[in-house]
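**Q** Please work out how this folds:
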Amino acid sequence: MSTLPGASAILFLNIFLEAQQLPYPTSLNPKLLYVGGVATNITAYNQTYSAGLTAFWNGSARPALWNSNNVYTVALTAADLAVPQLGQLTMVDPTSGAVIDTINCPVAYNVAPLGIALDQTRGRLYVATPSQTSDPKFPPNSLVALDITSGAVGPAIQIGSALGDIALSDDGSALYVVVEGQNVVRRFDPATFAALVDFPFRTAGSAPGYADRVAVMPGKPGTVAVSGTQVAIYDSGVKRPNGIAIGCCGYASLLFSPDGKYLFQDGAMSVSSSPNAADNHSVILRYAVDSTGIPVQTPPFAVGAGASAIASGTLFTSLGTAIDYQSMKATGSFGIGGPIAVDPAAARAFIVYSPPAINSSGFGPPIEIAAFGLPGIEPLGTVAIGVAANPNLKSSAQLLRFGVDGFVIPATDGLLLFHTPLAGPSPAIAPNAVVNAASQQPGPIAPGEILTLYGTNLGPPIPQPATNSNGAYPLELSNVQVFFGRTPGTPLVAYQGQINVVAPFELEPGTNTDLQVWYYGNPSAKLSLPVASAAPALFTQNGSGSGPVAVVNQDGSINAPAPAGGIVTLYGTGGGGSGTDGAIARRPGSLAASVHVSIAGRDAPVLYAGAAPGLVNGAFQLNVMVPTDAPSGQAAIVVNVSGQDSPQGATLAIR
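**A** Below you'll find the predicted structure:
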């Protein structure tokens, strides 16, 4: 197993640093950067910033200028803006290495789409552009394809008339574009971008409508629902006789059920006998569809708005409601509303959400994507994105999921594609990969033991060490949490392949505990571990658990051979006992259990065995006298706590 790149093996030389949670949100200017831009400056303001910080863009240092108004101006290169992304600006204290602040910076295409459709089969996103654009890669009044993997733009076809909504059939064979300027819907072949057929959906000369939408019936690429003068069903461009009035109330949904038997749109219904419009509530209306189109009917409804997705029989709406679409009964609520995307394979839903302001000035946290576990609508994690989805698009197009961990957000002033662990695969702990941080060996764990966990998707791609605040370490580090049963541990280092964490002192020896890692609220499988009263091990100089131990000699020299009869200070973990989780040890304190040390097979007097002042609770310190008759050379050293020996292989150099 490999360890963190560049991580020190000596515990007491400050390997535990971590990002702070600032009490106030950070403001960026500009809030949105554009793909293909030239070298530019971005300013970050936080009223708690101090002078002397260094700036990193996606882990690489960038010049940063401080002024006295708590503002840093950071110089970004053109290469920093080469691809769409949720870039990460990190402010670091260069003295301690502590990450002071991390801000997500959206880098989007400079186009505000009128409609988008995702082609998962071809790995493409289709974009209908407005009449005026700022990026030549997205010509006005055009249908443009872009590769969602590489970010490459094209091909494109210029239609020449004002466009509107677009929709793709579920088999990827038919792409429909509302050509507002000609009052027609045009069908394209996505493989060739060839226009196949036009059909009118509104009387010639009519003004374009706000709610012009198109949706393709699942399993029938030639059949679409279009809302224009009315909502009607078209088969290969031929309108079925019956249609209904278009929806209302500020939402823009048009969604078929998976079997094509129903069509959902928005409306308003009174929930009382009062004629007062204030008593009207936004609802989702379900209309039956048959061979005649949408016949006259009294549609069942449920409270909600913005029909966006259907998965496992549940209709999800932008109003944050979950509805059994067969019975039209509400089955749950997310508690927040906003553009929603559902990932049935991962059993998760995602909502673009604007957190409330933290003070009367209206200055609050940036816009986020919040994740929820399904079917129980369990809140998971969030990621700050800083941009809102365009509410003028069809509800099902305002937030799209792609690939393993990707999102598409058509914002009011740009088109953002990015990847985030929030939508990615779950963390996974490798077999037998929960080890004592000092010995690097698995086994029963002890209360307060510092553990190292190895696996995949455990944390950020750049190692994030921990820093204490007011004498304690937080229980969450860079969106990483580690639970032992229901009790959180204290993470010290978070990285995609490794976590260092202090087990809670509340663990009960003689029982088992379920270990689980959460990254961005995405949980790993639980791993059952036995708990012992002690599992001691000493930190070694190379971090492997074998070879010379990390040692401070009586004369202050570090890792130098110790004289026989001299006093050495050693550090370890797994001593068990009690303590305050996450706190820094401020004063000496004895281990609760008996402690014995053997050097070169001889008993070594233990002068002190207890907490290591200045280090996190869970690390222990031993002051030991080297036996006067110990031979020179590398001598085996073993620590015994509560009858439990430390692993073989650690040595002490004696001169």
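
**Q** So, low pLDDT: which residues of this protein?
**A** 1-24, 203-211, 250-251, 270-280, 357-364 (pLDDT under 70).

**Q** got a list of what D343 touches?
**A** By C-beta atoms under 8 Å, 6 or more residues apart in numbering, the contact set of D343 is 349-350, 401, 423. Using the backbone N, CA and C atoms, a C-beta is placed for each residue, glycine as well.

**Q** Of those, which is the most crowded?
**A** Counting neighbours by other C-beta atoms under 10 Å, A349 leads those with 27 neighbours.

**Q** May I have the strands that pair with the host helix or strand of that residue, each with its orientation?
**A** Applying DSSP states H and E as the criterion places A349 in strand 348-353. Applying DSSP bridges to the sheet, strand 348-353 is found paired with strand 340-343 (antiparallel), strand 368-373 (antiparallel).

**Q** R187: which of those is closest?
**A** strand 340-343 (25.7 Å; C-beta to C-beta).

**Q** Dump the closest one to CSV, restricted to CA.
**A** What follows is strand 340-343, C-alpha atoms only, in CSV (Å, rounded to 0.1, in the frame of the first residue of the first chain):
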residue,chain,number,x,y,z
ILE,A,340,-33.9,18.6,-10.3
ALA,A,341,-32.1,15.6,-12.0
VAL,A,342,-32.5,12.0,-11.0
ASP,A,343,-29.9,9.2,-11.3
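
**Q** Return the set of buried residues in that strand.
**A** Along strand 340-343, these residues count as buried under the neighbour rule (16 or more other C-beta atoms under 10 Å): 340-342.

**Q** ok, those vs L163, which is closest?
**A** Taking the buried residues of strand 340-343 together and measuring to L163 by C-beta to C-beta, the closest member is A341, at 23.2 Å.

**Q** what's near enough to touch that closest one?
**A** Here A341 is in contact with 308-309, 349-350, 399-401, 407 (criterion: C-beta under 8 Å, 6+ apart).

**Q** hmm, try it at 7 Å
**A** By C-beta atoms under 7 Å, 6 or more residues apart in numbering, the residues touching A341 are 309, 350, 399-401.

**Q** just those now: which is nearest E508?
**A** Minimum distance to E508 across the contacts of A341 is 37.7 Å, recorded for F350 (C-beta to C-beta).

**Q** Show the contacting residues for that closest one.
**A** Per C-beta under 7 Å, 6+ apart, neighbours of F350: 340-341, 369, 371, 399, 423.

**Q** L422 belongs to a helix, doesn't it?
**A** Yes. Assignment of L422 by DSSP: H, G, I helix; E, B strand; the rest coil places it within a helix.

**Q** distance of the residue most central in space within the chain from W518?
**A** Nearest to the mean C-alpha position of the chain, counting by C-alpha atoms, centre = their mean, stands L422 at 2.7 Å. Separation of L422 from W518 (C-beta to C-beta, to the nearest Å) stands at 12 Å.

**Q** In JSON lines: the strands paired with strand 348-353, plus distance to V296.
**A** Below are these laid out as JSON lines (distance: least, C-beta to C-beta, whole Å):
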{"stretch": "strand 340-343", "distance to V296": "31"}
{"stretch": "strand 368-373", "distance to V296": "38"}
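
**Q** Was I right to think G459 contacts Y495?
**A** Yes. Between G459 and Y495 there is a contact at 5.0 Å, judged by C-beta atoms under 7 Å.

**Q** Who has more neighbours out of these two?
**A** G459 (26 against 22).

**Q** in stretch 389-409, what's buried?
**A** Quick answer for stretch 389-409 (16+ other C-beta under 10 Å): 389-390, 392-402, 405-409.

**Q** From the chain's centroid, how far away is stretch 303-319?
**A** Computed by C-alpha atoms, centre = their mean, to the nearest Å, the chain-centroid distance of stretch 303-319 equals 23 Å.

**Q** my bad, should have said stretch 444-455
**A** Counting by C-alpha atoms, centre = their mean, stretch 444-455 comes out at 25 Å from the chain centroid.

**Q** Can you show me the CA trace of it as PDB?
**A** Provided in PDB are the C-alpha atoms of stretch 444-455 (Å, rounded to 0.1, in the frame of the first residue of the first chain):
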ATOM      1  CA  PRO A 444      -8.700  -4.900  16.200                       C
ATOM      2  CA  ILE A 445      -8.900  -1.100  16.700                       C
ATOM      3  CA  ALA A 446      -8.700   0.700  20.000                       C
ATOM      4  CA  PRO A 447     -10.600   3.800  21.200                       C
ATOM      5  CA  GLY A 448      -8.700   6.900  20.100                       C
ATOM      6  CA  GLU A 449      -6.500   5.000  17.700                       C
ATOM      7  CA  ILE A 450      -5.200   6.900  14.700                       C
ATOM      8  CA  LEU A 451      -6.100   4.800  11.700                       C
ATOM      9  CA  THR A 452      -5.200   4.900   8.000                       C
ATOM     10  CA  LEU A 453      -7.800   3.800   5.500                       C
ATOM     11  CA  TYR A 454      -6.900   2.900   1.900                       C
ATOM     12  CA  GLY A 455      -9.300   2.700  -1.000                       C
END
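
**Q** could you pull out the helices for the protein?
**A** With DSSP state H, there are no helices along the chain.

**Q** Make JSON lines from the buried residues of strand 340-343 and add distance to G37 to it.
**A** Shown next, in JSON lines, are the buried residues of strand 340-343 (distance: C-beta to C-beta, whole Å):
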{"residue": "I340", "distance to G37": "31"}
{"residue": "A341", "distance to G37": "28"}
{"residue": "V342", "distance to G37": "33"}
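
**Q** Look up the closest residue to S544, ignoring the ones flanking it.
**A** Q440 (5.7 Å; C-beta to C-beta, 6 or more residues apart in numbering).

**Q** sorry, back to before: can you tell me which of the buried residues of strand 340-343 is closest to S557?
**A** Nearest member of those to S557, counting by C-beta to C-beta, is A341, at 59.4 Å.
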